[in-house]
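# just a sequence and a predicted model for now, questions to come.
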Amino acid sequence: MLTIRTEILDRETSNFLKQNPTGVVVNLGAGLCTRFFRVDNGFVKWFELDLEPVKQLWGKVFTETECHRYLVYSLLDFSWIDEIKPFAASPILFIAEGLLFYFEESEVKEIITTIKNNFPGSEMLIEAIGPSQAKNTQKHPVVSKT
């Protein structure tokens, strides 16, 4: 399932970059995602957003560049938006992969509304799971511990 999700999100991100070669991608809760290296077109401005402990690991594996930056913020600390605002004239794609199901419904609504209000016309790729999957997450060896 993860490989299918990765393929779909890679394809949709590539499609966004084909339509918007100088666009901006913001990978929310990025972890150690390697999508940038698979879809980089040489023009995109790419931001990985995650917490400080993840940044420490990220820095051991990846090198930050002018086009590929890491932002240390909690997703709910909306001051990260100030880092993206200077690029708001370009088309922006937000990616929330394997992320939003860790938040309460009210927090997800706040995240999406805040992005919509600050970046009108932006696009967002969201991984969603159906009710039957959600009911069975307690059976997953990793997810059940969060």
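Sure, I can see it.

# wait, isn't Phe47 in contact with Cys67?
No - using CB atoms under 8 Å, Phe47 is not in contact with Cys67; the gap is 9.9 Å. For the C-beta atoms, the positions are set from N, CA and C on the backbone; glycine is no exception.

# pick out whichever of these two has more residues nearby.
Neighbour comparison, Phe47 and Cys67: the larger count goes to Phe47, with 22 against 13 (by other CB atoms under 10 Å).

# what sits against the more buried one?
Phe47 makes contacts with 24-27, 69-71, 83-84, as judged by CB atoms under 8 Å, 6 or more residues apart in numbering.

# repeat that for 7 Å
Neighbour list for Phe47: 26-27, 69, 71, 84 [criterion: CB atoms under 7 Å, 6 or more residues apart in numbering].

# report the beta-bridge partner residues of it.
Here Phe47 sits in beta bridges with Val26, Arg69, going by DSSP bridges.

# and it, what pLDDT?
Confidence at Phe47, expressed as pLDDT, is 98.

# for stretch 120-128, buried residues please.
Within stretch 120-128, the residues that qualify as buried by neighbour count (16 or more other CB atoms under 10 Å) are 122-125.

# dump it to PDB, restricted to CA.
Extracted in PDB, the C-alpha atoms of stretch 120-128 (Å, rounded to 0.1, in the frame of the first residue of the first chain):
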ATOM      1  CA  PRO A 120      -5.600  31.100  -2.100                       C
ATOM      2  CA  GLY A 121      -5.400  29.100  -5.300                       C
ATOM      3  CA  SER A 122      -2.800  26.700  -3.900                       C
ATOM      4  CA  GLU A 123      -3.200  23.000  -4.300                       C
ATOM      5  CA  MET A 124      -3.000  20.300  -1.700                       C
ATOM      6  CA  LEU A 125      -2.400  16.500  -1.900                       C
ATOM      7  CA  ILE A 126      -3.800  14.800   1.100                       C
ATOM      8  CA  GLU A 127      -3.600  11.100   2.000                       C
ATOM      9  CA  ALA A 128      -7.000  10.000   3.400                       C
END
